[in-house]
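Trainee: pasted the sequence and its predicted model underneath.
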Amino acid sequence: MDIALKILLVIFSVGLIAVVLLQKGKSAGLSGAITGGAEHLFGKQKARGLDLFLQRLTVALAAGFFILALIVSYFVNQ
C-alpha cells in the first residue's frame, strides 16, 4: 500500500509539472506585475477553452498532490 501511494504521488507530481509548463505566461514584465495583475484579479481577462481546462486541471492535480503527500507522510511515520 505504501509503495502504491508513493507511485501515485510521483504520477501526480509529474502531471502537475507538465500541466504548469503547458500554461502560457500571463505576466508582461514589471509593468504587467503592476497593472496587468489587477486586471486579471478582478476578472477582466477570463480564461476560455484550453486555458480554462489547464487551470482547472492544475487545481485538481495540486489538491490531489497535497492530499497524497499528507497520506504518504502519515503512513511513513507509523
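Mentor: All right, it came through fine.
Trainee: which residues of the protein fall in helices?
Mentor: Per DSSP state H, the chain carries helices over the ranges 2-22, 29-31, 37-41, 50-76.
Trainee: what about the closest residue in space to residue 58 that isn't next to it in sequence, how many residues nearby?
Mentor: Leaving out its chain neighbours, the residue that sits closest to residue 58 by Cβ to Cβ, 6 or more residues apart in numbering is residue 19, at 5.1 Å. (Glycine included, C-beta is placed from N, CA and C.) Residue 19 is flanked by 19 other residues according to other Cβ atoms under 10 Å.
Trainee: could you export the helices of the chain as a markdown table, including mean pLDDT?
Mentor: Listed next are the helices of the chain as a markdown table, based on pLDDT from 0 to 100:
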| stretch | mean pLDDT |
| --- | --- |
| helix 2-22 | 95 |
| helix 29-31 | 58 |
| helix 37-41 | 55 |
| helix 50-76 | 95 |
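Trainee: how close does the residue nearest to residue 58 sit to residue 2?
Mentor: 26 Å (Cβ to Cβ, to the nearest Å).
Trainee: residue 12 and residue 66 touch, don't they?
Mentor: No. Between residue 12 and residue 66 no contact is recorded; they are 9.3 Å apart, counting by Cβ atoms under 8 Å.
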